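**Student:** sequence isn't available, so here's the structure alone:
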């Protein structure tokens, strides 16, 4: 779906690069793009949309090279839902979705028909005839999603789609994202700073920070890494020799009051019991700690360890 | 829980659409229509058009009805029927037309800036030149469309009433239509350039009026202080009025040929350049 190698993007020739030597390949699916403000998420989306020309490196989106002459036509195959409003306040949802459809290449009549279909798909029924200036935040987000879908793109970029939504609105929007991929087969790049959103819908994850990729891989792979995170509880406190030997099991992340957080070298935690038996310690409990994706993000952004590779 | 459609059918063919510039111009026209701004101006320009047509009809009556013979001498003073009369056909309160262009053109780009629509436009298969062409085309087509009846209706009526000897020359449209085109593009480029520098439609209106009136005042001051007439070529209002005069060949046009050409090229080039710079994709914030 998307691949780039050593991609570097600058806003001006003399400025510092906003993206620094990114190399990545993404399969069709729902990709979560995580990172704090200024990490380079929007710059990456701009570069993938062909709005910024890479100063170095190469890449392809849907098989079309970045910066190629046909990149403009490529945008007819991509839908984009911006983070900010970008709505034409004095026009109705129906009018503007039809307008965006026409700009993507639909004939006027087809664009009008399509606007009705796609607004119904996102759950805007009779409200579609009203000017969007009177819409709630949730309705506005759905109009933005509708305009991104109006031309049946192969790939959509969603920039913070749940911004400003209440929990119910968030759930509905994420349901729609899942439906877009499941029912329409559309690839999704979801840029967000909300880990819960990404964890719920994404099957691949990319963590960006200061123009670098800090971590990338499938969610399943990341979860496997998380599955190696365990908490060990011993019957008696370990002596200094035993504590030092814990590194044989894996990296010791934290030790407190007889409890040890480890990232095991082997996926099978049963090895910990064998190690304890060999070292004369009594291991009474092994607790998996794979419930927190944000730990992956925090570790990637504030590395005491090397970048996560899944 | 809303009831959703079971799925979304695939979109029709994406290669049957109209050029992006045309789509944007049509949408701008729809927005303008909704603003109902045309009511006041429509009435004002209609009254001016009727006045010009009435003058031609009165002239016809004076020529053909002996009862009006004593009034003919007076009529000659207001109906010169020469080049000045032809050029004056395109002068429907020049400042009013500029005001209309400022009101509508001033918001054309600024409204997209305010609502942050332009980045989304460039995320579609729309090139910056398509966007610029649409805005310039719309801002220029508007004064052209308003001026069109002022050129054609009196001409048609003159031909109908008095044939080739009427007050409007039979060849007048051949001279007036190019003059209208040049003046309209001048108005459109100034409006779009000024609008591109504004962050809101109101500021855009201010920019257009400020540029038009400010440059006019500056040119007048320099003209008065130095006696150098060519500097009037900087005044967009005088330029727009001068082109019909130049093309129909009046004896003393407001601006001579060379400063008119230089001034027009400078304004169109400068403001189009400004608009192009201010609407680049790299200027957009996603």
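**Tutor:** That came through, no problem. Keep in mind it's a predicted model, so treat the numbers as computed, not measured. Residues are numbered from 1 along each chain as shown, chains lettered A, B, ... in the order given.
**Student:** and the helices in chain A, which stretches?
**Tutor:** A:41-49, A:71-74, A:93-103, A:108-121, A:137-149, A:167-184, A:195-201, A:219-227, A:240-245, A:270-279, A:293-301 (DSSP state H).
**Student:** the stretch 51-200 of chain B now?
**Tutor:** B:69-78, B:83-88, B:94-105, B:108-115, B:118-122, B:128-162, B:172-196 (DSSP state H, counting those that start in this stretch).
**Student:** quick one: contacts of the fifth one?
**Tutor:** So that's helix B:118-122. Residues external to helix B:118-122 that are found in contact with it (C-beta atoms under 8 Å, 6 or more residues apart in numbering or on different chains): A:49, A:51, A:80, A:82, A:86, A:100, A:103, A:147, B:24, B:112, B:128, B:131, B:279, B:281, B:284-286. Every residue, glycine included, has its C-beta placed from N, CA and C.
**Student:** near chain A, which residues of chain B show up?
**Tutor:** B:2, B:4-5, B:7-18, B:20, B:23-24, B:27, B:30-31, B:34-35, B:115-117, B:119-127, B:281-282, B:284, B:286 (C-beta under 8 Å from any C-beta of the partner chain).
**Student:** what about burial for the residues you listed, which qualify?
**Tutor:** Neighbour-count burial (16 or more other C-beta atoms under 10 Å in any protein chain shown) is assigned, among the residues of chain B next to chain A, to B:8, B:11-12, B:14, B:17-18, B:20, B:23-24, B:27, B:31, B:115-117, B:119-126, B:281, B:284, B:286.
**Student:** sorry, back to before: need the helices of the stretch 51-200 of chain B in CSV (columns: mean pLDDT).
**Tutor:** Shown next, in CSV, are these (pLDDT from 0 to 100):
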stretch, mean pLDDT
helix B:69-78, 62
helix B:83-88, 82
helix B:94-105, 88
helix B:108-115, 92
helix B:118-122, 90
helix B:128-162, 91
helix B:172-196, 95
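**Student:** tell me the buried residues in stretch A:229-244?
**Tutor:** Applying 16+ other C-beta under 10 Å to stretch A:229-244 flags A:229-232, A:234, A:238, A:242 as buried.
**Student:** relative to residue B:104, which of these is nearest.
**Tutor:** residue A:229 (62.8 Å; C-beta to C-beta).
**Student:** my guess is the closest one contacts residue A:269, does it?
**Tutor:** No - the pair residue A:229 / residue A:269 is not scored as a contact, 10.3 Å apart, by C-beta atoms under 8 Å.
**Student:** got any residues that touch both of those two?
**Tutor:** Counting by C-beta under 8 Å, 6+ apart, the residues touching both residue A:229 and residue A:269 are residue A:288.
**Student:** just give me the neighbour total for residue 97.
**Tutor:** You didn't say which chain, so I picked chain A. 29 (other C-beta atoms under 10 Å in any protein chain shown).
**Student:** hm, I was asking about chain B
**Tutor:** 26.
**Student:** what do you get for residue B:55?
**Tutor:** 16.
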